[in-house]
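**Q** Sequence first, predicted model second:
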Amino acid sequence: MKKWLSILLVFALLMPAGVLSAAANDPIKVFVDGKQLKFDVDPIMANNTTLVQYTTVFKALGMDYSWDQKSKTVTGYNDYVLMNLTIGSRVSTVNNKKVELTVPARTLNGRTLVPLRFISEATGAKVVWDGKKRTVTITSAPERNELPLVMRETKWNDTAATVSTLETATLYSKSEDYLAYEAVDLGGYATFPTYYFDNDKLFMIEYDVAVEAESNYDYLVAIGTLYNAVEELFGEPFHDELYFYDAKDYHEDVNRFADSIAAGKAELTTAWQVGYTEISITAFSDDEGGIVVLLTLFNTKE
């Protein structure tokens with residue numbers, strides 16, 4: 001009798017551990033906007049990071065994607081986000097900014113797995129992990145509309161005919177390579193948009209900013225206003241640099257800095273990556289003692 005009691009006691013002690021062990025080995029479930037995702041390879045956990053098959057999660061998040069076999073790099077993108085992850089590398093890029101990963105992308109059973117939280121949050125989605133249920137719940141980011149505002153409702157690869165239909169400003173010059181328009185308001189400044197085409201496909205929009213300047217300092221005010229407006233829409237730039245063509249650095253003295261740009265001794269360039277769209281603000285001498293300020297959008301996708 002005592003022997004049987006001892007055996008029953010052992011089973012009783014072991015059962016909770018067995019149940020917990022089984023739960024810990026249950027497949028991880030992933031839901032995006034209430035829909036459970038199905039993977040060819042089950043998600044795995046590594047260093048408290050959930051990794052999943054990239055094709056499935058990119059599709060669920062509304063992302064396009066590509067795979068470079070030579071560099072072993074996954075690229076995911078939409079209108080606002082461009083990310084790259086390389087197999088085995090802890091360094092990723094999101095909109096041209098380097099990001100350190102806790103766990104790198106890897107391969108398993110012929111499939112490429114990527115860190116789920118990193119991918120999701122890079123798109124602006126919200127991620128919740130339920131450890132007891134081994135479930136990841138993802139809520140997609142709200143739809144964005146900032147880029148159409150800056151691009152005046154045009155899209156990359158639009159034809160000249162399409163752009164001319166969408167643009168409401170007055171056309172003042174054109175050729176087979178460009179359409180140039182009278183001033184439109186951008187950030188409170190009159191700007192003159194020019195649309196550039198390659199084989200009748202839109203690839204660049206350039207806004208020439210008109211500044212009513214009493215001094216060169218007024219150009220810097222305009223640059224700062226545009227900078228703040230773009231930063232509010234798209235976050236911090238990936239590139240922000242001043243170029244001085246002599247040994248002197250006047251950027252702490254704004255008036256002398258502005259004069260150095262007007263004199264052709266310095267240039268200013270700031271750039272944002274928004275998906276495959278690069279947005280830049282540049283300032284340089286107009287060779288007549290003033291400053292040219294341009295806001296440019298460029299399609300970087302080949």
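**A** Received the coordinates, thanks.

**Q** make it CA atoms for all contacts and neighbour counts henceforth
**A** Will do.

**Q** Spatially nearest residue to residue 298 (excluding sequence neighbours)?
**A** Nearest non-adjacent residue to residue 298, counting by C-alpha to C-alpha, 6 or more residues apart in numbering: residue 204, 4.5 Å away.

**Q** Was I right to think that neighbour contacts residue 179?
**A** No: the criterion here is C-alpha atoms under 8 Å, and residue 204 misses it with residue 179 at 10.9 Å.

**Q** Between these two, which contacts overlap?
**A** Counting by C-alpha atoms under 8 Å, 6 or more residues apart in numbering, the shared contacts of residue 204 and residue 179 are 195-196.

**Q** What is the helix or strand where the residue nearest to residue 298 lies packed up against?
**A** Element membership of residue 204, judged by DSSP states H and E, is strand 201-210. Where contact means 3 or more C-alpha pairs under 8 Å, 6 or more residues apart in numbering; DSSP states H and E, strand 201-210 is packed against strand 189-198, strand 291-299.

**Q** orientation of the following helix or strand past it relative to strand 201-210 in degrees?
**A** Downstream of strand 201-210, the first helix or strand assigned by DSSP H and E is helix 217-234. Angle of helix 217-234 versus strand 201-210, following axes from the mean of the first three to the mean of the last three C-alpha atoms, to 10 degrees, is 140 degrees.

**Q** can you give me the helices in this protein?
**A** Using DSSP state H, the helices of the chain run over residues 2-24, 54-60, 116-122, 146-150, 160-166, 217-234, 254-262.

**Q** Break the protein down into its domains, please.
**A** 17-139, 146-299 (automatic domain parsing).

**Q** Averaged pLDDT, stretch 110-123. What do you get?
**A** For stretch 110-123, mean pLDDT is 97.

**Q** just stretch 214-234 next, same as before
**A** For stretch 214-234, mean pLDDT rounds to 93.

**Q** Any idea which helix or strand in the chain has the lowest mean pLDDT?
**A** Using mean pLDDT, DSSP states H and E, the weakest-scoring helix or strand in the chain turns out to be helix 2-24, at a mean of 45.

**Q** which residues of the chain score low on pLDDT?
**A** By pLDDT under 70, the low-scoring segments of the chain are 1-24, 243-252.

**Q** same thing but at 50, please
**A** Along the chain, the parts satisfying pLDDT under 50 run over 1, 4-5, 7-22.

**Q** Report the central residue of this protein.
**A** The centroid of the chain falls nearest to residue 81 when counting by C-alpha atoms, centre = their mean (3.0 Å).

**Q** Just confirm that residue contacts residue 96, I think it does.
**A** No: look at residue 81 against residue 96 with C-alpha under 8 Å: they stay out of range, at 9.7 Å.

**Q** any idea how far stretch 108-127 is from the chain center?
**A** Stretch 108-127 has its C-alpha centroid displaced from the chain centroid by 15 Å (C-alpha atoms, centre = their mean, to the nearest Å).

**Q** List the buried residues for it?
**A** 112-120, 122-123, 125, 127 (16 or more other C-alpha atoms under 10 Å).

**Q** Next: stretch 73-85.
**A** The neighbour-count check on stretch 73-85 (16+ other C-alpha under 10 Å) flags 73-78, 80-85 as buried.
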